[in-house]
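1. predicted model, plus sequence, below.
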Amino acid sequence: MELDYSNVGLKYFNLYMSKQQIQPPFQNKYKLRLVSQSDSKSCLICYKPTNVVLITENNADFFFICNSHLLDESFAKPIESKEYNDLKNEVDNLEKQLTEVNKKIEETKPYLWGINYWSKDKKKNDKDDKEKENKENKESKEDKSKANSHESYKSKATEIEKNLSTKKEELQNHKFKHYNLNSTTYKNRLMLNQKKKYNKERSEKIQTDGFFPSAPTHNIN
Ligand SMILES: [Zn+2]
């Protein structure tokens, strides 16, 4: 098996973390924050200036990220909020309603109305006139009510369509507030955090007396 050297550091880190059973200094849940344009810094990935910051809940880690990388799902995924899910459900419901109403529109389509007239049995013409008249009256009333409901279904569909397009637009423009980093990126953030902590401790140690053997003070003859 070939060794993937780019991952060696990560593998040791994982092993270290699992052996130590250390609670990570921050969870993989980042909040989106915007700073002023003048405080923009370079994106973690592409170095383009950006005023978008992802920061952990406990403020232990943060970095700048441009909008296009924020939308890159291989980098981070938005955490769906209740607000977002409610909106999604609303869109689903409206789509179902529209399908139902469109079915009704088909069922009440004008070409279906007159069928009874054309298929009427001519042999029955000699039947009681009154009965025939009643039947025709009834049919024309049915046609009228069908025509009415056809129109009302059509206007209902227009109403739903309008509502649906508004909600769909809202869904598309929804701004997520929380993100999960992909696991490799998150681990890299943890590693970087460890490294910073180590460097800080080290430089503090260097500054304390006695870390380096003191230079000989006596004269060498
Ligand atoms: Zn970027």
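-> In hand now; what should we look at?
2. hey, let's count contacts and neighbours off CA atoms from now on
-> Fine.
3. can you name the next helix or strand after the helix or strand bottoming out on mean pLDDT in the chain?
-> In the chain, no helix or strand scores lower on mean pLDDT, DSSP states H and E than helix 115-118, which sits at a mean of 52. Using DSSP states H and E, the helix or strand that follows helix 115-118 in sequence is helix 129-172.
4. elements contacting that next one?
-> The contact analysis (3 or more CA pairs under 8 Å, 6 or more residues apart in numbering; DSSP states H and E) places helix 129-172 against helix 82-107.
5. and the helix it packs on with helix 129-172, angle?
-> Inter-element angle recorded for helix 82-107 and helix 129-172: 150 degrees (by axes from the mean of the first three to the mean of the last three CA atoms, to 10 degrees).
6. show me what helix 82-107 is packed up against.
-> helix 129-172.
7. what does this protein have sitting close to the ion?
-> Within the chain, the positions near the ion by CA under 5 Å from the ion are 43, 45-46, 66, 69.
8. now those residues in CSV, with pLDDT?
-> Listed next are the residues of the chain next to the ion as CSV, based on pLDDT from 0 to 100:
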residue, pLDDT
C43, 97
I45, 94
C46, 96
C66, 97
H69, 95
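9. how far away is L87 from K167?
-> L87 sits 7 Å away from K167, going by CA to CA, to the nearest Å.
10. for the residues of the chain next to the ion, which PyMOL command selects only the ones that are buried?
-> Listed next is the PyMOL selection for buried residues among the residues of the chain next to the ion, using 16 or more other CA atoms under 10 Å:
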select buried, resi 43+66
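11. quick one: low-confidence parts of this protein?
-> Low-confidence segments of the chain, defined by pLDDT under 70: 1-13, 15-22, 111-128, 132, 136, 139, 209-221.
12. kindly export stretch 186-200 (C-alpha atoms) in CSV.
-> Only the C-alpha atoms of stretch 186-200 are listed here, as CSV (Å, rounded to 0.1, in the frame of the first residue of the first chain):
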residue,chain,number,x,y,z
TYR,A,186,-12.1,21.1,10.7
LYS,A,187,-9.2,18.8,11.7
ASN,A,188,-6.8,21.2,10.0
ARG,A,189,-8.3,24.0,12.1
LEU,A,190,-7.8,21.9,15.2
MET,A,191,-4.2,21.1,14.3
LEU,A,192,-3.5,24.7,13.6
ASN,A,193,-5.0,25.6,17.0
GLN,A,194,-2.7,23.0,18.7
LYS,A,195,0.3,24.3,16.9
LYS,A,196,-0.4,27.9,17.9
LYS,A,197,-0.9,26.8,21.5
TYR,A,198,2.3,24.8,21.4
ASN,A,199,4.3,27.7,19.9
LYS,A,200,2.9,30.1,22.5
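13. tell me which residues in stretch 195-214 are buried?
-> Buried-residue list, stretch 195-214, by 16+ other CA under 10 Å: empty.
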